[in-house]
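Visitor: Turn this into a structure:
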Amino acid sequence: MVSKHFEIEIGGRKIQAIFSNLADQTNGSVLMKCGETSILATAVMDKKKGSSPFFPLRVDYEERFYAAGRILGSQFIRREGRPTDEAILTSRVIDRTIRPLFDQRIRNEIQVIVTALSIDTENDPDTLAVIGASLAVAVSDIPWNGPVSAIRIGKTATSEDFIVNPAYVERENSLLDSMICGKSGIINMIEAGAVEISEDSYGKALELAEKELTKLEVWQKSIVAEIGKKKCEPETWFGPEHMEQVFKDKIASRIPSAVLCGTAGKAAIEALKDEWMDLFREHFPDEGLDPADELYELEVDKELHRAAIEENRRPDNRPMNQVRELYAQAGGFSEMHHGCGLFYRGGTHVLSVLTLGGPKDSQLLDGMEEGGRKYFMHHYNFPPFSSGEVGRTGGVNRRAVGHGALAEKALSYILPSRETFPYTIRIVSESLASNGSTSMASVCASTIALMDAGVPIKRPAAGIAMGLMMEENTEHKAQNAKDLRYKVLTDIQGPEDHHGDMDFKVAGTREGITAIQMDVKVDGIPLTILKEALADAKRARLHILDTIETSIAAPREALRPSAPKIITMKIPTEKIGAVIGTGGKVIQGITRDTGAEIDIADDGTVTIIGRGDAAEKAHKIVESITHEFKVGERLEGPVVRILDFGAFVQLNASTDGMVHISELAPFRVNDVTDVVKMGDIVPVMVKEVDEKGRVNLSIKQADPDYAERKGAKAATGPAPARPSFGSKPSYGSRPR
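Guide: Residues are numbered from 1 along each chain as shown. Purely as a prediction, here's the structure:
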C-alpha cells in the first residue's frame, strides 16, 4: 500500500493523516489516527448534476463494533443496524461544520462518509472525524472553501486551566466539554455542555480554541498544497432566460413590504411567494420551479439583511435585543401526568410531559462508545402540523434526535443526584407550533415539567436562540471584525432563522451556561460577535427565567399521586439470597402480593417502586426478611411450631426464634401447651443471638403476666433438664 504520512501534535497528542490507495475510487480519502483511535474519511461527488431543489450533501458517520473490540447487537442480530444516537449526533456535527463552506448552488450529489475503524479508551473519534472529513474534501477535486478544523476544550474542577482535547476520563466529571470548529480565525460550529460556566469563562475557552484551530488549519493547508487535486467546476443552478426580468418587474419591489409587515411577516412572505410561483408557471410552463424558488428566497434573504443592518428593523418590528411575548404554565393538563410544562415564546409553543419510573425503566446503553444505563432521557417531537404543513408522522429523523439531545444536555446539569432522587426520568417535548427555536423552548417547558413533578432540581434552566445579520462581504472577518456591519438578534423567529447567518442557542441557569449549540450559513463568526451574542443571550435567559418562576417558583414539595413511589434501602450482601429466594420465589411472591417492583444491586442496594402503598408494603417485607435481631429487642409473632422443650415463633418471612419452656413464664411450666397454642400471637424479647444468627426468645421478659393470663399454673415436682444452646439444629432461629 503506497501511502504518505503527515503529523501534528495538538494538546500533547499526536494526530496523523495517512493518504493512500486504500479507498482509491473516491474523489478524496484519508485515514486519521490519534493513539489507537482511527477513522477513514471519504468524499465522493456524482459526475452528473442531480434534480434536487437544494444543495444535495449527505454526511454519514458509520460505527463499526469491531472498532471497540466487541460483538454487539441482540441475540438474533449481530451486525450493525440503525445508527445510534451518538452516531447521528456525530454525523450532524460533521455536516454542520462542512456544509456552509460549499457553494450552495451545486446540484451534483456529494457524500461524505466517516467510518470508525478503531477506538481506544482515551481519544474520542469525533474531532478526528471532522478533521478527516475536511481533509478528504480539501485534497479532492470537489469545489469547497475549506479546510476547516475541530478542537475539543475541557475544564476540570481541580484546575483553572482549560484542557485541549481531553481524554474520556478527563471528561467524565468536567465542568466544561465543548467541541469547537472553525477556520481563518472565525468559528462556524459549537457544541458545549457545562456546569453553569460563566460567559466570560466560555469566551476564554473560545480564545484558546481559536489558537489551536489555527495550528490545525495551517497544517491542513500545507497538506493540500502538497497533494491536493485541482478543483473541478460542476454546473451550478441557472434559471431560464428572462426569469430575473419578470421577477424584477412584478415581484421585487413588493418584497420589502412583505418582509417588514409586522407580526404576520411569515405569512406575508409565503403569500407573495405563492403569487410569484404562479407567475413563473404562467411565463415558463416547461420549466421546473426550483429556479423560481431559489431566486425568491435569495431576494428575501437580501432584504432581511439590508433592513437589519441599514435600518435596524426586524420582520416583526421588535428591537434587536427583545424577546417575544412569553407564557408559562405548570401542570393543568391531566392528573395522570407526573409533571407537565407549557411554554410559549411568541409563535413557538412547546408542551413537555414528564414521566417517572424505577431503575428498570432506564435505558440500557450498549454501543461502540457508550455503556451502562441512562436514567434521564429527553425526547423531542416535531409533528408537521406545528409548522402548518402536511407530512409524514412516525419515526425519528436526525433533526429530532439532535434537538432532543441538546435539551437533554442543557437539563442534565440541573438534575439531582441518583442518591437524592433515584428515579428514571423521561421527558417528551411536543412542538405544537413552530416559529423559531423549538429546541430552546423545549428546555423551558421541560424545566417547568421537572418542577411541576416535584423533582428537586438545583435551579431552573432556560434557553434562547440568538441570530445574526452580517454584511455579505465576509472576507477577512477575523482581522477586520470591528469594521464589519452586523446586527445580533435576540430570539430569532422563522424568517430570521431561515435566512439569518447564525443560529446560536444558549441554555443555562441564573448562575451560568449549561449548553451551547451553534450553526452558521456563512464561513464563520468572529469571536467579538460571539461574545456579544453570549452577553445578550444571558440577559434574555434571565428575562425568561423570571416568567418561568412566576408560573412555578420552585419544585413542588411532593410527587403527584399518580407518580410511583421509590424507597431505597441497603441490606447486607449475604441477605440478598434470602430476599430473592430459591429460583426467585421470595422476590416474585413479594411483587405478586404487593404490586411493587424490586431491584437489588450487587452491593445490597434495594430499590422498591410502587404506586399507592405498594412500595411501603414491600419495604416492610424486605426489611423484615433482612432484619438483624439484637438482644433486648421486643417483637411479636405467631407460634408456628411446638416441641416438648419449647415453641418456635415466626419473627419474619425467613426467621423463626425459639422460646425455651423455661422462658414461657416467671414460674416453672410443666407443658408448653399450658401457655401457648399453635397460631397464638405472642410477645417476645430477644434474649440471645448466636454466632450463626440463631435467635433465642423470651416471653416472660417481654410480658411477665402473659402465662398467668393464659391460665397457666406453676408446675410441681423436679424441673426437666435443659439442653445446651444450639445443641440441635432445630434450636434457635431456623430458615423457613
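Visitor: neighbours of Ala407, just the number please.
Guide: Neighbourhood size, Ala407 [other Cβ atoms under 10 Å]: 32. For glycine as for every other residue, the C-beta is placed from the backbone atoms N, C-alpha and C.
Visitor: if I look at it, how far off is Asp503?
Guide: Look at Ala407 and Asp503: by Cβ to Cβ, to the nearest Å, they are 15 Å apart.
Visitor: Over to Ala554?
Guide: Taken as Cβ to Cβ, the span from Ala554 to Asp503 is 32 Å.
Visitor: between those two, which one's more packed in?
Guide: More crowded of Ala554 and Asp503, by other Cβ under 10 Å: Asp503, with 22 against 12.
Visitor: Phi, psi for Gly228 please.
Guide: phi -70, psi 150 (degrees, to the nearest 10).
Visitor: List the contacts of it.
Guide: Ala138, Val139, Ser140 (Cβ atoms under 8 Å, 6 or more residues apart in numbering).
Visitor: So which of the residues you listed belong to helices?
Guide: Using DSSP state H, the members of those that fall in helices are Ala138.
Visitor: how about CSV for the contacts of Gly228, with neighbour count and distance to Leu527 added?
Guide: CSV is the format used below for the contacts of Gly228 (neighbours: other Cβ atoms under 10 Å; distance: Cβ to Cβ, whole Å):
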residue, neighbour count, distance to Leu527
Ala138, 25, 24
Val139, 25, 29
Ser140, 24, 30
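Visitor: of all the contacts of Gly228, which comes closest to His379?
Guide: Ala138 (36.8 Å; Cβ to Cβ).
Visitor: Spatially nearest residue to Tyr413, not counting backbone neighbours?
Guide: Thr514 (4.3 Å; Cβ to Cβ, 6 or more residues apart in numbering).
Visitor: That neighbour sits in which helix or strand?
Guide: In the assignment (DSSP states H and E), Thr514 maps to strand 513-520.
Visitor: Can you give me the buried ones in the helix or strand that that strand is followed by?
Guide: Counting by DSSP H and E, the next helix or strand C-terminal to strand 513-520 is helix 527-551. For helix 527-551, a neighbour-count test (16 or more other Cβ atoms under 10 Å) marks 527, 529-531, 533-534, 536-538, 540-541, 543-545, 547-549, 551 as buried.
Visitor: Next SSE downstream of helix 527-551?
Guide: Beyond helix 527-551 toward the C-terminal end (DSSP H and E), the next one is strand 565-570.
Visitor: Which strands and helices lie in contact with the helix or strand following that next one?
Guide: Counting by DSSP H and E, the next helix or strand C-terminal to strand 565-570 is helix 576-580. Packed against helix 576-580 by the contact rule (3 or more Cβ pairs under 8 Å, 6 or more residues apart in numbering; DSSP states H and E) you find helix 585-594, strand 597-600, helix 614-625.
Visitor: Mind checking the ones you listed for the one nearest to Arg418?
Guide: Of all the helices and strands packed on helix 576-580, the one in closest proximity to Arg418, counting by Cβ to Cβ, is strand 597-600 (12.6 Å).
Visitor: State the paired neighbours of that closest one in the sheet, together with their directions.
Guide: Strand pairing for strand 597-600, determined by DSSP bridges: strand 605-610 (antiparallel).
Visitor: Alpha carbons of the partner strand, as PDB, please.
Guide: Extracted in PDB, the C-alpha atoms of strand 605-610 (Å, rounded to 0.1, in the frame of the first residue of the first chain):
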ATOM      1  CA  THR A 605     -28.900  -1.600  47.400                       C
ATOM      2  CA  VAL A 606     -32.600  -2.400  47.200                       C
ATOM      3  CA  THR A 607     -34.800  -0.200  45.100                       C
ATOM      4  CA  ILE A 608     -38.500  -0.600  45.600                       C
ATOM      5  CA  ILE A 609     -41.000   1.100  43.300                       C
ATOM      6  CA  GLY A 610     -44.800   1.000  43.500                       C
END
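Visitor: angle of that strand against helix 614-625?
Guide: 140 degrees (axes from the mean of the first three to the mean of the last three Cα atoms, to 10 degrees).
Visitor: gap between strand 605-610 and the chain center?
Guide: Remark: strand 605-610 is offset 25 Å from the chain centroid, using Cα atoms, centre = their mean, to the nearest Å.
Visitor: Next, the angle strand 565-570 makes with it.
Guide: Angle of strand 605-610 versus strand 565-570, following the same axes, to 10 degrees, is 160 degrees.
Visitor: Cool, thanks, talk later.
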